[in-house]
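Novice: I would like to see how this sequence folds:
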Amino acid sequence: MVGGIGGSRGGGGGRASADLHSAARSGDLAAVQSIISSNPLAVNSRDKHSRTPLHLAAWAGHNEVVSYLCKNKADVGAAAVDDMGAIHFASQKGHLEVVRTLLSLGASVKSITRKGLSPLHYAAQGSHFELVKYLVKKGANVRATTKAGKNPADVAGNAETQNFLEECEEQARKAKANNEKKTEEVKPESCSNEGDTKDLKRKDSEDGNEEGKEEASQVAKKPKVTLPHLQETDDTEADQEEDTEEANNVTCSNPSEVST
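Specialist: Numbers count the residues shown, from 1 in each chain. Presented below is the predicted three-dimensional model:
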């Protein structure tokens, strides 16, 4: 699928880029290091099929070159024609160690091409059983379908790979069903708890309002201020009124004494 090198595009100069593509594809680490050290921009240069040196090294299975390119700013997620990334090229050829390296450096196990093919699709299609198991372990979606509606088991190249993927798919289906069942069982209780929480919040709000009103009432009732000078005058007038009233009572009750 990966053909000749062709002309280069994007950064690094035509000759240097072409040499780097060739060195990466052949696995010549010394040449790759020499070119990168003198022309760092060539690391992400493109050929006529929009492939970078990393794509070619991954396809050819040169793990040391892949590691060196990534450590020197090669774009691990760069897409070539049809949105194929380095991890797709490596999976297509069954290069387990290269896939390990790419994932450790940021490649996504769930990345897909324009046609919806994942690394797991390519590994299954090529009957790379060990790689298939590794990708599943790393979280590859065994139920993912391509634009044509094919999952990895559908495109598996042999019975062993197909059976394994079908078992994984069945386990994934059961796990999803169990999760949905648990969600349905928990949902009513969650709703009830939510209602209780709202009631508690409403009660707390009402209690808070009552406390606020009580505090406002207490603030509104200002304490009486004692005015000593007014108090003395009032007491004197009250005493005079009491003396007058007592004198009248005495006069009314003993008229004979008054007349004498």
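
Novice: make it CA atoms for all contacts and neighbour counts henceforth
Specialist: Noted.

Novice: which residue sits closest to residue 73, ignoring its sequence neighbours?
Specialist: residue 43 (7.2 Å; CA to CA, 6 or more residues apart in numbering).

Novice: Report the separation between the two terminal residues of stretch 115-126.
Specialist: Start-to-end span of stretch 115-126 (CA to CA, to the nearest Å) is 17 Å.

Novice: mean confidence score for it?
Specialist: Mean pLDDT, stretch 115-126: 98.

Novice: can you check stretch 17-26 too?
Specialist: Stretch 17-26 comes out at a mean pLDDT of 96.

Novice: Convert that stretch to PDB, retaining C-alpha atoms only.
Specialist: Output of stretch 17-26 as PDB, limited to C-alpha atoms (Å, rounded to 0.1, in the frame of the first residue of the first chain):
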ATOM      1  CA  SER A  17      13.200  15.500   3.000                       C
ATOM      2  CA  ALA A  18      13.500  12.800   0.300                       C
ATOM      3  CA  ASP A  19      16.700  11.500   1.900                       C
ATOM      4  CA  LEU A  20      15.000  11.400   5.300                       C
ATOM      5  CA  HIS A  21      11.900   9.500   3.900                       C
ATOM      6  CA  SER A  22      14.200   7.000   2.300                       C
ATOM      7  CA  ALA A  23      16.300   6.500   5.500                       C
ATOM      8  CA  ALA A  24      13.200   6.200   7.700                       C
ATOM      9  CA  ARG A  25      11.700   3.600   5.400                       C
ATOM     10  CA  SER A  26      14.900   1.500   5.200                       C
END
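
Novice: circling back: okay, now the residue nearest to residue 73: neighbour count?
Specialist: When counting by other CA atoms under 10 Å, one arrives at 27 neighbours for residue 43.

Novice: same thing with residue 90?
Specialist: By other CA under 10 Å, neighbour count at residue 90 equals 28.

Novice: any idea which element it lies in?
Specialist: Per DSSP states H and E, residue 90 falls inside helix 86-93.

Novice: got a list of contacts for that helix?
Specialist: 54-56, 58-61, 76-79, 96, 98-99, 102, 107-109, 118-120, 122-123, 125-126, 131 (CA atoms under 8 Å, 6 or more residues apart in numbering).

Novice: same check, this time on stretch 109-128
Specialist: Against stretch 109-128 from outside (CA under 8 Å, 6+ apart): 82-85, 87-88, 91-94, 103, 129, 131-132, 135-136, 138-142, 145-148, 151-153, 155-158, 161-162.

Novice: Which positions within it qualify as buried?
Specialist: 109, 111-113, 116-128 (16 or more other CA atoms under 10 Å).

Novice: Quote the end-to-end distance of that stretch.
Specialist: For stretch 109-128, the first-to-last residue distance is 16 Å (CA to CA).
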